[in-house]
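**Student:** fold the following, please.
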Amino acid sequence: MRERSLLEMRGIYKSFPGVKALQNVDFTLCEGEIHALMGENGAGKSTLIKVLTGVHVKDEGEIFLKGHDKAVQIRSPKDAQKLGISTVYQEITLCPNLSVAENIFIGRGEGNMVNWRAMNKKADELLESLGIAVKGSQQLASCSIAVQQMVAIARAVDMDCSVLILDEPTSSLDESEVAKLFVLMRKLKERGVGIIFVTHFLDQVYEVCDKITVLRDGRLVGEYEIENLPRVELVSKMLGKELDDMASIKSDTDGSAVDMSSAPVYEGKGLCSTEGISPFDFNIRKGEINGFTGLLGSGRSECVRTIFGADKVTGGTVKMNGKEVKITKPIDAMKNGIAYLPEDRKRDGIIGDLSVKDNIKLALQVKTGFFKPFSNAKATEFANEYIKLLDIKTASVNTPIKSLSGGNQQKVILARWLLTHPKYLILDEPTRGIDVGTKVDIQKLMLKLASEGMCVTFISSETDEMLRTCSRLLVMRDRKLVGELTGDQLTQKTIMDTIAGGEKDGTE
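**Tutor:** Numbers count the residues shown, from 1 in each chain. The predicted structure follows:
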């Protein structure tokens, strides 16, 4: 083993029916190191992590841990835990109805008697030592997602983990919460804990990591010191090809093709819902890509959910192509040619146990009516058409969607809505938690659909994505629409100034 190395994985192979998920992959983690594991969806990151944590048993290869001269055998998550390997996932796996202290120590008590005072005191000492601002007696459900993740990390630390795996821990956090998480990660690094950081946010990798290992198509591309791998090269290695200048994506359109004097396809006035957003006006024209931007919690998603009728609409009027219509629930929106890809694909998008085919046909079947079911042949035809169109990586149309990578799940949901041939497509965080290549594919698809006359509303936490694709941005703050930006106003600075400066109407 290398000096200071905590973990060495050598020549790891893992296959599933029809898929070689890992082929001769090496990975090394040192003491006091934050090591990014990077790659597109389907590159093998999740499989490698699952082999390390005992969820999957490797086909070939060896795993060495510090203190073990011989290779260790990890056949279950319990084996991994005993060896000091812990994982904190994007989806919190704690019990929200229990206290913070109970979540930290759950499953480790002896007998039926619990000394609550001692347990809370011990939890408080642990939390304080890690700089986590929460009390052990506090109910976990009352804590933010960021704090819940930190509690999960505290539990892992208290169980003497030397290898900590953070799997997409920042995808649901705002900037201030990410900063707090990074403070905690650096504290653990100082203690000698080795951290494997899985993320799609390149900025965060370069802010907090020491090394990067890149996987592609189940193979090792290489291990790099952070200072020796510029971002453009990292993206190129992940994709296996030179990446076009991201700024050129928008060169296909600058919004000038949209006739802003034409009647809107969709026009809403005084829209509001039970989710507490202030009444707002909104419209979109044929061939336009616009978007809602603002800080996390500003009301972006609530606005589009109101437009689609996904939340209970409490007021406002809507016109489609100049004709007043009633949209108070999703089926109303669908019948008027509106489609909506939701922010949380796992909660509101995919139906995990259903096949790719059944997930794709779902929206059209609802729109058509369940008393007019599609034949299996027709459903397969639909699925194959969109698998080819969107380059969805799946073994077959009958593969359960939960078996696909996150980016491919997102493409399936997109296929579901494109199959309904909508006039107006709403995409809420369609590129969150997916790889760079799929992000580019989705951005280019948006531009193509707009060039063919479809209206598209786009929401992304990454402002540069919005600026690359949108010709008009509506700025939200504190659940109020505080500005509208077009043309030369579409800059990072103007957006931030509008968010910070209150109600500035950016229209000319």
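
**Student:** now do the strands in the stretch 101-250 of the chain.
**Tutor:** Taking DSSP state E, counting those that start in this stretch as the criterion, the stretch 101-250 of the chain contains strands spanning 163-167, 194-198, 211-216, 219-225.

**Student:** as JSON lines, those with mean neighbour count, distance to residue 478 and mean pLDDT would be great.
**Tutor:** Heads up, the C-betas are built off the backbone N, CA and C, glycines and all. Shown next, in JSON lines, are the strands of the stretch 101-250 of the chain (neighbours: other C-beta atoms under 10 Å; distance: least, C-beta to C-beta, whole Å; pLDDT from 0 to 100):
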{"stretch": "strand 163-167", "mean neighbour count": "22", "distance to residue 478": "31", "mean pLDDT": "92"}
{"stretch": "strand 194-198", "mean neighbour count": "24", "distance to residue 478": "32", "mean pLDDT": "94"}
{"stretch": "strand 211-216", "mean neighbour count": "22", "distance to residue 478": "38", "mean pLDDT": "94"}
{"stretch": "strand 219-225", "mean neighbour count": "16", "distance to residue 478": "42", "mean pLDDT": "95"}
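
**Student:** out of those, flag the one nearest residue 332.
**Tutor:** Closest approach to residue 332 among the strands of the stretch 101-250 of the chain is made by strand 163-167 (38.3 Å; C-beta to C-beta).

**Student:** which other residues reach the closest one?
**Tutor:** 6-7, 29, 46, 49, 52-53, 65, 84-90, 153, 156-157, 185, 188, 193-198 (C-beta atoms under 8 Å, 6 or more residues apart in numbering).

**Student:** how about low-confidence regions in the stretch 151-300 of the chain?
**Tutor:** 172, 239, 241-260, 296 (pLDDT under 70).

**Student:** for it, just list every one of the helices.
**Tutor:** Taking DSSP state H, counting those that start in this stretch, the helices of the stretch 151-300 of the chain run over residues 175-190, 202-208, 231-239, 300-308.

**Student:** what's the first-to-last distance across stretch 275-288?
**Tutor:** End-to-end distance of stretch 275-288 (C-alpha to C-alpha, to the nearest Å): 27 Å.

**Student:** quick one: buried residues of that stretch?
**Tutor:** Residues of stretch 275-288 classed as buried by neighbour count (16 or more other C-beta atoms under 10 Å): 275, 277, 279-280, 282-288.

**Student:** on that earlier part again, turn the helices of the stretch 151-300 of the chain into JSON lines, columns for distance to residue 352 and mean neighbour count.
**Tutor:** Listed next are the helices of the stretch 151-300 of the chain as JSON lines, based on distance: least, C-beta to C-beta, whole Å; neighbours: other C-beta atoms under 10 Å:
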{"stretch": "helix 175-190", "distance to residue 352": "27", "mean neighbour count": "16"}
{"stretch": "helix 202-208", "distance to residue 352": "28", "mean neighbour count": "16"}
{"stretch": "helix 231-239", "distance to residue 352": "26", "mean neighbour count": "17"}
{"stretch": "helix 300-308", "distance to residue 352": "22", "mean neighbour count": "25"}
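
**Student:** what residues are up against residue 278?
**Tutor:** 272, 479-481.

**Student:** could you do residue 4 as well?
**Tutor:** Applying C-beta under 8 Å, 6+ apart, we find residue 4 in contact with 30-32.

**Student:** residue 314: how many residues sit nearby?
**Tutor:** The number of residues packed near residue 314 is 13, by other C-beta atoms under 10 Å.

**Student:** correct me if wrong: residue 445 contacts residue 391.
**Tutor:** No: counting by C-beta atoms under 8 Å, residue 445 does not reach residue 391; the two are 10.3 Å apart.

**Student:** so which of these two has more stuff around it?
**Tutor:** residue 445 (19 against 12).

**Student:** returning to what we had before: by neighbour count, which of the contacts of residue 278 wins?
**Tutor:** If you rank these by neighbour count (other C-beta under 10 Å), residue 481 sits at the top with 23 neighbours.

**Student:** now do the contacts for residue 162.
**Tutor:** By C-beta under 8 Å, 6+ apart, the neighbours of residue 162 are 6, 31, 65-66, 84-85, 192-194.

**Student:** how far away is it from residue 223?
**Tutor:** 20 Å (C-beta to C-beta, to the nearest Å).

**Student:** please parse the chain into its domains.
**Tutor:** 5-246, 265-501 (automatic domain parsing).

**Student:** could you report the pLDDT at the residue nearest to residue 94 when sequence neighbours are not counted?
**Tutor:** Computed as C-beta to C-beta, 6 or more residues apart in numbering, the closest residue to residue 94 that is not its neighbour in sequence is residue 103, at 4.5 Å. Among the per-residue scores, residue 103 shows a pLDDT of 87.

**Student:** was I right to think residue 103 contacts residue 138?
**Tutor:** No: Residue 103 lies out of contact with residue 138 (C-beta under 8 Å); the separation is 10.4 Å.

**Student:** for the residue nearest to residue 94, what are its contacts?
**Tutor:** Contacts of residue 103 by C-beta under 8 Å, 6+ apart are 94-95, 140, 151-152, 155.
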